[in-house]
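Asker: Fold the following and give me the result.
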Amino acid sequence: MERSMLRRRALAACTATVAVGALALAGLTGTASADPTSRVPAAGADQVSPGLLKAMQRDLGLTADQARSRLGNESRAVAAASGLMRSLGAGYAGARISGGDAGLTVATTDASDTARITEAGAEAVVVDHSLAELNTAKAALDRVALRKAPADVPAWYVDVAANRVVVQADGGAAADAFLAAAGVSRALVKVAPSQGTPRTFADLRGGDAYYMNGSGRCSIGFPVKRGTQSGFVSAGHCGTPGVSTSGYNQQAQGSFQGSTFPGRDYSWVATNTNWTPRPLVNGYGNPDITVTGSTEAIEGQSVCRSGSTTGWHCGTIQQRNSSVTYQEGTVSGVTRTNVCAEPGDSGGSFISGSQAQGVTSGGTGNCSQGGTTYFQPINPALAAYGVTLVTNGSTPPDPTDPPTNPGGTWAAGTNYSAGDVVTYGSASYRCLQAHLAQPGWTPPNVPALWQAL
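Answerer: Presented below is the predicted three-dimensional model:
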């Protein structure tokens, strides 16, 4: 199937036979408390958008009550997995959610860890390779691909369920050559058939359409702020710095300030004062979804996507830390899902419950037949450009001018979950929203994130 860059022209979804294409959306990471099961809430599952529930019912075969229950179970499972990741240390081999009740499975290389895992309410699995070992092997493949995209190897990723790095290839010889160039042992790898040739899907509310230089169309990922400057994050393949944008109404909107593609697939656009950023994702016929934070979903967790071509569609996280090769080069660090997408959805929002996940990058298939879609996690994009996610709380201060830390356990760069308690100076604070702490987001300055005790 021919690989093509679609950011320069608007494409009709009904005519697209989609191969793997870039639909960029940035995803935010978050980490749970050490003892999450007793004090971490269900991430607003009782307040979830009716539109998101409707999409989950349609695409995941659930009733409304089952969807609400799943979101709550998933939130608690993510919190438990994050706590176990910290406590298990070097033996930790990943976590995944499975089954209609969103059961949690946590893998370890140390059999003595199984009691600790089961006490946390998860199923324990003893495996051969730690997550760190698999991530190291994948990083070696990524370094080779950045120098020269591998022939006939469209995608590779760490599969925690298989406890292997999965390499999709058009043949065993292509996979073996790739592994040899990276110095990766075949014992760490599972070779799988290719699922199609990746291409990008290019065509201040998440999921809304915008146009590049008045022609090609993409979708907004999430509204952001940089100090007093408003804008949004989207896919890197949608535009390069200096490219102007117009909104869904074809009115002047802004211009790309930063863009990375390939390697990663994120960008940020600064908008003019006629555009006000809102903590919302377009529900396309249903109520908009409110964004409250950025806790990263894990394997098996439900996730939904909003895009200007196909609207709302849902599925589950397949693998994080994936790599995919498009015609323009390899993109690493993306998340692989079974959510469908089509040209013009690029850059659009991926969200789990009310937690921002990332921006649509690319994939295979379409929304008539189904397919695979990759998204670029949001937190790396926020960090790359020094921007902050707009949520339904008060906007955190600009992180570019951080104050001096007077001491305590709070630290920038740490993933916090609702319920976590930290000290800052002589005071204690409880986390209200899951987030990745940025310089300047100190507890006294961000009452939307921290409550003084």
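Asker: Grab the nearest non-local neighbour of residue 189.
Answerer: Take residue 189 and drop its neighbours on the chain: the residue closest to it by C-beta to C-beta, 6 or more residues apart in numbering is residue 165, 5.1 Å away. Just so you know, the C-beta spots here come from the backbone N, C-alpha and C atoms, and that holds for glycine as well.
Asker: Pull up the gap between that neighbour and residue 135, please.
Answerer: Counting by C-beta to C-beta, to the nearest Å, the separation of residue 165 from residue 135 is 9 Å.
Asker: same deal with residue 435?
Answerer: From residue 435 to residue 135 the distance is 23 Å (C-beta to C-beta).
Asker: neighbour count winner among the two?
Answerer: Neighbour tally, residue 435 and residue 135, criterion other C-beta atoms under 10 Å: the higher count belongs to residue 435, 32 against 14.
Asker: From what I see, that one and residue 420 are in contact.
Answerer: No. Residue 435 lies out of contact with residue 420 (C-beta atoms under 8 Å); the separation is 10.2 Å.
Asker: what sits against residue 81?
Answerer: 32, 95, 104, 106, 122, 298 (C-beta atoms under 8 Å, 6 or more residues apart in numbering).
Asker: and those as a markdown table, adding pLDDT, distance to residue 50 and secondary structure?
Answerer: As requested, the contacts of residue 81 are exported to a markdown table (pLDDT from 0 to 100; distance: C-beta to C-beta, whole Å; DSSP: H, G, I helix; E, B strand; the rest coil):
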| residue | pLDDT | distance to residue 50 | secondary structure |
| --- | --- | --- | --- |
| 32 | 31 | 27 | coil |
| 95 | 96 | 30 | strand |
| 104 | 95 | 27 | strand |
| 106 | 97 | 33 | strand |
| 122 | 95 | 31 | coil |
| 298 | 93 | 25 | coil |
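Asker: show me where the stretch 151-300 of the chain has helices.
Answerer: Taking DSSP state H, counting those that start in this stretch as the test, the helices found in the stretch 151-300 of the chain are 172-182.
Asker: low-scoring stretches of it, by residue?
Answerer: For the stretch 151-300 of the chain, residues meeting the criterion pLDDT under 70 lie at 200-203.
Asker: For stretch 250-260, buried residues please.
Answerer: Buried residues in stretch 250-260, counted by 16 or more other C-beta atoms under 10 Å: 253, 254, 255, 256, 257, 258, 259, 260.
Asker: now, among those, which is nearest to residue 78?
Answerer: Lowest distance from residue 78 to the buried residues of stretch 250-260 (C-beta to C-beta) belongs to residue 260, with 27.3 Å.
Asker: was I right about that closest one contacting residue 236?
Answerer: Yes. Taking contacts as C-beta under 8 Å, residue 260 lies within contact range of residue 236: 4.7 Å.
Asker: Overlap of the contact sets of these two?
Answerer: Residues touching both residue 260 and residue 236 (C-beta under 8 Å, 6+ apart) are 266, 267.
Asker: Provide the count of other residues in contact range of residue 148.
Answerer: When neighbours are counted by other C-beta under 10 Å, residue 148 registers 10.
Asker: Would you list the phi and psi of it?
Answerer: Note on residue 148: backbone dihedrals following degrees, to the nearest 10 are phi -160, psi 120.
Asker: Against residue 220, how distant is it?
Answerer: From residue 148 across to residue 220, the span is 33 Å (C-beta to C-beta).
Asker: got it, and residue 48?
Answerer: Distance of residue 48 to residue 220, computed by C-beta to C-beta: 21 Å.
Asker: between the two, who's got more neighbours?
Answerer: Neighbour count, other C-beta under 10 Å: between residue 48 and residue 220, residue 220 has more, with 33 against 21.
Asker: Just to check, the more buried one is in contact with residue 231?
Answerer: No. The pair residue 220 / residue 231 is not scored as a contact, 9.7 Å apart, by C-beta under 8 Å.
Asker: So for those two, which residues contact both of them?
Answerer: residue 204.
Asker: Run through who's touching stretch 235-244.
Answerer: With contact meaning C-beta under 8 Å, 6+ apart, stretch 235-244 is reached by 5, 7, 22-25, 200, 202, 212-214, 216, 218, 221, 245, 252-262, 264-267, 269, 326, 328, 346-347, 359-362, 376.
Asker: Of those, which belong to strands?
Answerer: 24-25, 200, 212, 216, 218, 245, 252-260, 266-267, 269, 326, 359-362, 376 (DSSP state E).
Asker: related to what we said a few turns ago, need the contacts of residue 81 in a markdown table (columns: distance to residue 309 and neighbour count).
Answerer: Converted to a markdown table, these look like this (distance: C-beta to C-beta, whole Å; neighbours: other C-beta atoms under 10 Å):
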| residue | distance to residue 309 | neighbour count |
| --- | --- | --- |
| 32 | 35 | 28 |
| 95 | 33 | 26 |
| 104 | 34 | 27 |
| 106 | 37 | 28 |
| 122 | 38 | 23 |
| 298 | 28 | 22 |
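Asker: Just give me the closest of the residues you listed to residue 190.
Answerer: residue 95 (19.0 Å).
Asker: Relative to residue 301, how far out is the spatially closest residue to the closest one that is not a sequence neighbour?
Answerer: Nearest residue to residue 95 in three dimensions, chain neighbours excluded: residue 81, at 3.8 Å (C-beta to C-beta, 6+ apart). As judged by C-beta to C-beta, residue 81 and residue 301 stand 10 Å apart.
Asker: out of the contacts of residue 81, who's nearest residue 183?
Answerer: Residue 183 lies nearest to residue 95 out of those, by C-beta to C-beta, at 28.1 Å.
Asker: quick one: the closest one and residue 298 touch, right?
Answerer: Yes. Between residue 95 and residue 298 a contact is recorded at 5.4 Å, counting by C-beta under 8 Å.
Asker: any residues in contact with both of those two?
Answerer: 77, 81.
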